[in-house]
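**Q** Following is a predicted model, sequence given first.
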Amino acid sequence: MVALVACCVLAAAPASATEGLPGTTMSLWWALPFAGLLLSIATGPLLFHHLWEHHYGKIAGLWAVLVVVPLALVFGPGLAVNAVLHTLITEYLSFIVLLFALFTISGGILVAGNIHGTPLVNAGLLLLGALLASVVGTTGASMIMIRPVIRANDNRPFNAHVVIFFIFLVSNIGGALTPLGDPPLFVGFLRGVDFFWTTTHIWQQTLLAGVIVLAAFLALDLVLHRREAGQPKIKDPTPDSRVRIRGLANLPLLAGVIGAILLSAYWKPGVELSVLGVAVELQNLVRDALIMALALLSLAVSRKEYRQANGFAWGPIAEVAKLFAAIFVCIVPVIAILKAGTNGGLAPLVALVTGADGAPDNLAYFWLTGALSSFLDNAPTYLVFFELAGGDAQHMMTGLAKTLAAISAGAVFMGANTYIGNAPNFMVYAIARHQGVKMPGFFGYMLWSGAILIPAFVVIGFVFFR
């Protein structure tokens, strides 16, 4: 449920930070800071680990400055300041409020005890997390399930692959069945797509993706588990014990977060308030305030020993907050160019989604939405292609149902292709790394996703969207 609140704003606000930018005249040079930021995230932990660990926030901030200053020089300080403030106030702050709340509340829920991470047990945990993702969102499910999964496998010499497949299934694919599961679907819901439309129209794609990926995991984990049998045993830092769920008071708080989001979707008083010159709708302010209050309430009612047993620390959410602040700023000119459609610098890509007869090319919609969702935030990417396909929810749910399914599946599924395709990806990566799992770097992870996910998506595209 990455940036679910940000998605609400993207879908419902009457104006956006990119509308004042002339995307039709902006060249691809404007995308360089965004590309540089992604390259820094990819290579920093690998090539200059010590420097990155201590100064990643400053490095990310430098790339953001390289967007803001040129915008001010070329288009004027007023437009640049408005674009940045609009992004930070209506998108980023809501984004981080939701992630902070889900991180905090789920961190107070302790799945106490431990079970041995055999291949079948691991497959069961991944399946449970994937099913949970469409109920409490990919972020909520990831935060609840990742620590038990890590504990179950912390005595195994090969355990990074478990977390990688966790990101595939729990942090992404599992959230495809309801608008609460993943932000792109919530964007569609706010634009008029029926709540259960995705449940009834992409459950087959989700099932096939889940079966392929889970089968690949089970085969790999069986091989690695057998290989481990011949190696020296590692003392289990968390011996097997009876599993119990603690911190149950946080469960209604998670339900409250979902309720606050639904409230903002249905309650439209038509009132706007100005925050530093940026118009913010009342329901969005109320939503964010309620979500933050629930997070703070979780801190008050949760027992400290439960959070300590979870290995709860503020490091992962701080890392996500700093890096995604820069991402939200650097993405502004990129989205402006995308919104220019066939008149923008990315016109060759946009033209690929339309056939010679003018009809939508559903396979191209699936792959282009997915490819961009792998590196951009998948919610605004979904919105761009949703609008490109016509933007009329009623028509898209009927006459263009296959196109809408392609956009939805591409945005949700392919958010798993990189660490930054979906915010839970990076949070899970940060938590696993903080708990001693030797996670692959940015490009190493992409080798995994390329080997496992891309073939699965080829099959899904051939079966459903060709």
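**A** That came in fine, so what should we check first?

**Q** surely His161 meets Ala219?
**A** No. Under the contact definition of Cβ atoms under 8 Å, His161 does not touch Ala219, with a separation of 11.2 Å. Just so you know, the C-beta spots here come from the backbone N, C-alpha and C atoms, and that holds for glycine as well.

**Q** Show me which of those two is the more surrounded one.
**A** Comparing His161 with Ala219 by other Cβ atoms under 10 Å, the one with more neighbours is His161, at 18 against 11.

**Q** What are the buried residues along the helix or strand where that one lies?
**A** Using DSSP states H and E, His161 sits in helix 160-169. Using 16 or more other Cβ atoms under 10 Å as the test for burial, helix 160-169 gives 160-169.

**Q** Average pLDDT for it, rounded please.
**A** Averaging pLDDT along helix 160-169 gives 95.

**Q** Using CSV, write down the CA coordinates of it.
**A** Extracted C-alpha coordinates of helix 160-169, given in CSV (Å, rounded to 0.1, in the frame of the first residue of the first chain):
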residue,chain,number,x,y,z
ALA,A,160,18.5,-13.8,1.2
HIS,A,161,16.4,-15.5,-1.5
VAL,A,162,13.6,-15.9,1.0
VAL,A,163,13.4,-12.1,1.4
ILE,A,164,13.7,-11.5,-2.3
PHE,A,165,10.7,-13.7,-3.0
PHE,A,166,9.0,-12.1,-0.1
ILE,A,167,9.3,-8.8,-1.9
PHE,A,168,8.0,-10.4,-5.1
LEU,A,169,4.9,-11.9,-3.6
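
**Q** Point out the other helices and strands that that helix packs with.
**A** Helix 160-169 is packed against helix 119-152, helix 203-228, helix 423-434, helix 442-460, with contacts defined by 3 or more Cβ pairs under 8 Å, 6 or more residues apart in numbering; DSSP states H and E.

**Q** Only C-alpha atoms, please: export the following helix or strand past it in PDB.
**A** Using DSSP H and E, the helix or strand that follows helix 160-169 towards the C-terminus is helix 183-190. Only the C-alpha atoms of helix 183-190 are listed here, as PDB (Å, rounded to 0.1, in the frame of the first residue of the first chain):
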ATOM      1  CA  PRO A 183      -1.800   2.400  -4.600                       C
ATOM      2  CA  PRO A 184      -2.300   2.200  -8.400                       C
ATOM      3  CA  LEU A 185      -5.500   0.300  -7.800                       C
ATOM      4  CA  PHE A 186      -6.700   2.900  -5.300                       C
ATOM      5  CA  VAL A 187      -6.100   5.600  -7.900                       C
ATOM      6  CA  GLY A 188      -8.400   3.800 -10.200                       C
ATOM      7  CA  PHE A 189     -11.000   3.400  -7.400                       C
ATOM      8  CA  LEU A 190     -10.900   7.100  -6.800                       C
END
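
**Q** Point out where the chain drops to low pLDDT.
**A** 1-19, 42, 46, 113, 190, 230-241, 377, 380 (pLDDT under 70).

**Q** the strands in it, which residues?
**A** All strands of the chain, identified by DSSP state E, fall at 110-114, 241-246, 272-275, 278-281.

**Q** will you turn those strands into a markdown table that also has mean neighbour count?
**A** Below are the strands of the chain laid out as a markdown table (neighbours: other Cβ atoms under 10 Å):
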| stretch | mean neighbour count |
| --- | --- |
| strand 110-114 | 19 |
| strand 241-246 | 12 |
| strand 272-275 | 12 |
| strand 278-281 | 18 |
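
**Q** closest one to Ser373 among these?
**A** strand 278-281 (25.9 Å; Cβ to Cβ).

**Q** partners of that closest one in the sheet?
**A** Pairing partners of strand 278-281, with direction, according to DSSP bridges: strand 272-275 (antiparallel).

**Q** How far off centre is the partner strand?
**A** The chain centre lies 28 Å from the centre of strand 272-275; the measure is Cα atoms, centre = their mean, to the nearest Å.
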